[in-house]
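Student: here are the coordinates; sequence isn't available:
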DNA sequence: CCTCCAAAAAATGTGCACATTTGCTGCGCC
DNA sequence: GGCGCAGCAAATGTGCACATTTTTTGGAGG
């Protein structure tokens, strides 16, 4: 039976089985970036054919990336119905913040056992950067440095698992910012970060945790549903503009 | 160039695009189970063709599952070189245990704020089960219940993110047990679990964390490299025996 | 005008045939 | 006898042609 199919075609092996891992990564990074930057609307559908066209790669390439993002819980995959940008509920967001808060409590508990002057100094250097960014009104840098502070804390433990958890939480919460925008420009207050460092320096676990807890509750309380605030584009072509040559015959 | 492909063949659409999500899941679960049970040797290669033959599914099916397990860091994927069972170093194991310890410290900190009689009662019920299993010498149940205790703790917070982190850590550590066997049958001592519950009941954060910490350090100290202790089978056919009919022509 | 249903269109899922790469074996050469 | 390299076998990676869904469309009936 097996239908000896007649060696149908075989284009001049141009870019066929060409192993190009970098291309996968490029598409992955592009979509991930768009997600993290909040350029994609919350419930938006990410269909394979258009993306394949936009990036100029095969549909399978796109498919693989989409499923990967789904496995990382960055996209919502529904069998036979494709990928969508998740639309987190307010409880989902609170859940992420709470997880971060709980995790940091554990980190601080462990950290007071290992504080040394070098660590305090590194943290203070970071605080100075944060203050500088806040002073000159650089909002983008402030957001970035604010998250980086917590990363510094967990990385001080040198535990890859914990660092990964935090990175996971942070990336998830940055996606959510596009929906539940944390108010105006009042990101993590630098003072609160400073208070954490101060408590660490004093080896005062209870106070460090208390400050950290207040800090997070403070941020959480600012969450509010900001429906129309997200101008995230609807059509994918605009979002991923100029990512790939999009091989048209012209040119 | 564009290769007018000549509609080569088309077998009698037997079971071609047959959507069968359950089959993916079955293969995934089978391999995951073998991994968690420690039935797979530490550095073993998991090649696609043999697995496809064993499970009686297409190679793509296997491939997808393998990559998924790789994304979950349960398998070590090397481009163009396939999947291998990871060979964790002693530091890797310590890292997992430390992460668990830190995480639980945070969980306990948060938990003392929400303890109520119902929770204490549930935990005590669980402790009774653990003691019963220990008394009747049921090692399998003891191991399972011992892990379940920590799951109970984190689930008491009702935070999906944190629960997922713990599940991740637990599944990772159970794989490692096959290499660094935690001594004889001295798993988590029930007494230490009881002491945690007792501290919780008393709303004594510091003591709960201290006990938990001691508990984990206790377990960690028992880790040792047990080279020859793992009789994990080498050939895959034996490991996955009788999983799938392995459709031979003979009915 | 809305609802419901059938047919068409589009999108997702999967097996297969290759291309490419890796691993291995054996033969020649130093 | 060992070392290196050419050739071969096996395994991985990828595009493509379908099958199978899902979604949209269009029209008949209430």
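Tutor: Nice, thanks for sending it over. Keep in mind that this is a model prediction, so the values were computed, not measured.
Student: who's in contact with residue A:236?
Tutor: By CB atoms under 8 Å, 6 or more residues apart in numbering or on different chains, the contact set of residue A:236 is A:46, A:50-51, A:54. C-beta coordinates here come from the backbone N, C-alpha and C atoms, glycine included.
Student: Of these, which is the nearest to residue A:62?
Tutor: Checking the contacts of residue A:236 against residue A:62 by CB to CB gives residue A:51 as the nearest, at 4.6 Å.
Student: so the closest one sits right up against residue A:62, yeah?
Tutor: Yes: using CB atoms under 8 Å, residue A:51 is in contact with residue A:62, at 4.6 Å.
Student: which residue ranges form the helices in the stretch 51-200 of chain A?
Tutor: Taking DSSP state H, counting those that start in this stretch as the criterion, the stretch 51-200 of chain A carries its helices at A:59-71, A:90-111, A:117-135, A:139-155, A:160-177, A:190-201.
Student: now, of these, which is deepest in the fold?
Tutor: Most buried of these by mean neighbour count (mean count of other CB atoms under 10 Å in any protein chain shown) is helix A:90-111; its value is a mean of 22.
Student: Let me see the mean pLDDT of that one.
Tutor: Average pLDDT, helix A:90-111: 95.
Student: and that helix, what other elements does it pack with?
Tutor: helix A:139-155, helix A:160-177, helix A:190-201, helix A:205-221, helix B:90-111, helix B:160-177 (3 or more CB pairs under 8 Å, 6 or more residues apart in numbering or on different chains; DSSP states H and E).
Student: Report the angle between the longest one and helix B:139-155.
Tutor: Right, the one you point to is helix B:90-111. Orientation of helix B:90-111 against helix B:139-155 (axes from the mean of the first three to the mean of the last three CA atoms, to 10 degrees) gives an angle of 50 degrees.
Student: and the angle from helix B:90-111 to helix B:205-221?
Tutor: Interaxial angle, helix B:90-111 versus helix B:205-221 (the same axes, to 10 degrees): 160 degrees.
Student: Repeat that for the third one.
Tutor: Orientation of helix A:190-201 against helix B:205-221 (the same axes, to 10 degrees) gives an angle of 70 degrees.
Student: now helix A:190-201, how far from the centre of its chain.
Tutor: 25 Å (CA atoms, centre = their mean, to the nearest Å).
Student: and it, what does it pack onto?
Tutor: Checking 3+ CB pairs under 8 Å, 6+ apart, helix A:190-201 ends up next to helix A:90-111, helix A:117-135, helix A:139-155, helix A:205-221.
Student: 6 Å instead?
Tutor: If contacts are counted by 3 or more CB pairs under 6 Å, 6 or more residues apart in numbering or on different chains; DSSP states H and E, helix A:190-201 sits against helix A:117-135, helix A:205-221.
Student: Now do residue A:90 against residue A:189, distance only.
Tutor: 22 Å (CB to CB, to the nearest Å).
Student: Ok, which of the helices of the stretch 51-200 of chain A comes nearest DNA strand C?
Tutor: The closest of these to DNA strand C is helix A:59-71. By CB to the nearest atom of the strand, the value is 6.2 Å.
Student: I'd like the helices and strands packed on helix A:90-111 as CSV, with distance to DNA strand D appended.
Tutor: Formatted as CSV, these follow (distance: least, CB to the nearest atom of the strand, whole Å):
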stretch, distance to DNA strand D
helix A:139-155, 31
helix A:160-177, 23
helix A:190-201, 43
helix A:205-221, 34
helix B:90-111, 23
helix B:160-177, 20
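Student: Pipe those into CSV and attach distance to residue B:66 per row.
Tutor: Compiled in CSV, those are given as follows (distance: least, CB to CB, whole Å):
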stretch, distance to residue B:66
helix A:139-155, 31
helix A:160-177, 21
helix A:190-201, 43
helix A:205-221, 39
helix B:90-111, 21
helix B:160-177, 16
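Student: Ok, which of those comes nearest residue A:133?
Tutor: From the helices and strands packed on helix A:90-111, taking CB to CB, the stretch that ends up closest is helix A:139-155, at 4.0 Å.
Student: and the closest one, is it in reach of chain B?
Tutor: No: judged by CB under 6 Å from any CB of the partner chain, helix A:139-155 makes no contact with chain B; its nearest approach is 9.0 Å.
Student: ok now that helix, how far from the chain's centre?
Tutor: On the basis of CA atoms, centre = their mean, helix A:139-155 sits 13 Å off its chain's mean C-alpha point.
Student: And for stretch A:76-88?
Tutor: In terms of CA atoms, centre = their mean, the centre of stretch A:76-88 is found 17 Å from the chain centre.
Student: distance between the ends of that stretch?
Tutor: One end of stretch A:76-88 sits 10 Å from the other (CA to CA, to the nearest Å).
Student: related to what we said a few turns ago, could you save the helices and strands packed on helix A:190-201 as CSV and add columns showing mean pLDDT and distance to chain B?
Tutor: Output for the helices and strands packed on helix A:190-201, formatted as CSV (pLDDT from 0 to 100; distance: least, CB to the nearest CB, whole Å):
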stretch, mean pLDDT, distance to chain B
helix A:117-135, 94, 16
helix A:205-221, 92, 6
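Student: Could you break chain A into its assigned domains?
Tutor: Using automatic domain parsing, the domain ranges for chain A come out as A:21-87, A:90-228.
Student: Now distance to residue B:22 too, for those domains, in TSV please.
Tutor: Below are the domains of chain A laid out as TSV (distance: least, CB to CB, whole Å):
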stretch	distance to residue B:22
domain A:21-87	11
domain A:90-228	28
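Student: Return the residues in contact with residue A:90.
Tutor: Not one residue lies near residue A:90 by CB atoms under 6 Å, 6 or more residues apart in numbering or on different chains.
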